[in-house]
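Q: Task: produce atomic coordinates for the following.
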Amino acid sequence: MTLGQTLFCSISPVQGAIAYAWYVSTTSGSETLQVITTINSLAVAAPLSTGTQSQSVITADNSANPSYAYDGLLTTALKPGSNAYVNVMPTGTAGAGTPLTASGRGSVVEIDTMFQKMWDNFQVSPTVLYVNSQELKNITAKVLSNASGPLLRYDSPADGSDGEYQLTASGVVQLYYNPFALNGGLRIPIRIHPKVPPGTVVGWAENLPIQYQSNEVPNVAEIKTRQDYYQIDWPIVTRQRQVGVYAEEVLAVYAPFAMGVITNVANG
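A: Got it, this is the predicted structure:
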């Protein structure tokens, strides 16, 4: 890459991938890690980094660790054949990607589409949206726009006792209305989740509709526990005390179709 030029890279989106590691070099076979992105493209305008991880040290798939952890809700939803709603955003411009789209009426096109598809296909409605801080900020920016109309409300005491005006700056979208639900729609909370990566929006129905419920399928998902958290104080054989905390459990997902995922979302 010559000074003043930009290297644009992109690959086909991979369902289940929430980030992409980019290894680049001026010579084939000596690529090193340059950056990790949460979209499937990259634009490199600065000189290549040196002293980073070489691609030759990646000799196995370390994306899962079945010996110590089970798959979570997001992994289950993204697996092919799960029947969960999955929208992988288009590549768009390399390095920029495709962000969420404002509907112009106070909502987000991609979230509206997810709600409608989940209802049309399985008559389920998410009851919560889990997002990263990046997506919470972006959803707020899409909803609170000039096109959505003035949404600032100012309250003043009727007796005029307060001579000054008081306003609270900033804010975020706290609830999202889903019209595609029984009994006139549903107000869904938008919550930041510490494990949801940037570029991903997760919706899931916490309650399974009555038509799907049975004695063997009571919930969308539940934890089956052989033994809950317990502690073992191991015998003292050295001056160092050893203590172990364990849990023996697994996540059972009965209705993956009650989950929806929008991924490969660009920041903006």
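Q: quick one, strands of this protein?
A: 7-10, 20-24, 32-37, 41-44, 85-88, 128-131, 175-178, 186-192, 201-204, 221-233, 243-253, 259-263 (DSSP state E).
Q: Near residue 264, how many other residues are there?
A: Residue 264 sits with 25 neighbouring residues when counted by other Cβ atoms under 10 Å. All C-beta spots, glycine's among them, are computed from the backbone N, C-alpha and C.
Q: Now it. Nearest residue, chain neighbours left out?
A: Nearest-residue entry for residue 264: residue 89, 4.3 Å, with adjacent residues in sequence omitted and distances by Cβ to Cβ, 6 or more residues apart in numbering.
Q: Contacts only, for the one you found.
A: By Cβ atoms under 8 Å, 6 or more residues apart in numbering, the residues touching residue 89 are 13, 39, 97-98, 110, 262-266.
Q: from those residues, which single one is nearest residue 226?
A: Comparing the contacts of residue 89 against residue 226 with Cβ to Cβ places residue 263 closest, at 32.7 Å.
Q: now that closest one: how far from residue 231?
A: Taking Cβ to Cβ, to the nearest Å as the measure, residue 263 falls 38 Å from residue 231.
Q: the more surrounded of the two?
A: Comparing residue 263 with residue 231 by neighbour count (other Cβ under 10 Å), the higher total belongs to residue 263, at 25 against 8.
Q: Need the pLDDT of the residue nearest to that one when sequence neighbours are not counted.
A: Of all residues beyond its chain neighbours, the one nearest residue 263 is residue 200 (4.8 Å), with distances taken as Cβ to Cβ, 6+ apart. pLDDT recorded at residue 200 is 95.
Q: Could you report the neighbour count for the nearest residue to residue 225 once chain neighbours are set aside?
A: Setting aside the residues directly before and after it, residue 225 is nearest to residue 249 in space (Cβ to Cβ, 6+ apart), at 4.2 Å. The number of residues packed near residue 249 is 13, by other Cβ under 10 Å.
Q: before we move on, what about the one 5 residues further on?
A: Number of residues near residue 254 (other Cβ under 10 Å) recorded here: 17.
Q: From residue 29, how far out is it?
A: Residue 254 is 47 Å from residue 29, by Cβ to Cβ.
Q: Check residue 118 too.
A: Taking Cβ to Cβ, one finds residue 118 at 46 Å from residue 29.
Q: Those two: which has the busier surroundings?
A: residue 118 (25 against 8).
Q: So for the more buried one, what's the pLDDT?
A: 94.
Q: Spell out which residues sit in contact with the nearest residue to residue 49 once chain neighbours are set aside, please.
A: Among residues not flanking residue 49 along the chain, residue 34 sits closest, at 5.5 Å (Cβ to Cβ, 6+ apart). Neighbour list for residue 34: 22-24, 42, 44, 48-49, 52 [criterion: Cβ under 8 Å, 6+ apart].
Q: got the buried residues for stretch 36-44?
A: Residues of stretch 36-44 classed as buried: 37-42, 44 (neighbour count, 16 or more other Cβ atoms under 10 Å).
Q: Which two of the residues you listed have the greatest separation?
A: Longest distance between any two of the buried residues of stretch 36-44 is 16.2 Å, between 38 and 44; criterion Cβ to Cβ.
Q: what's around residue 261, how many residues?
A: Neighbours of residue 261 (other Cβ under 10 Å): 24.
Q: Alright, I will stop here.
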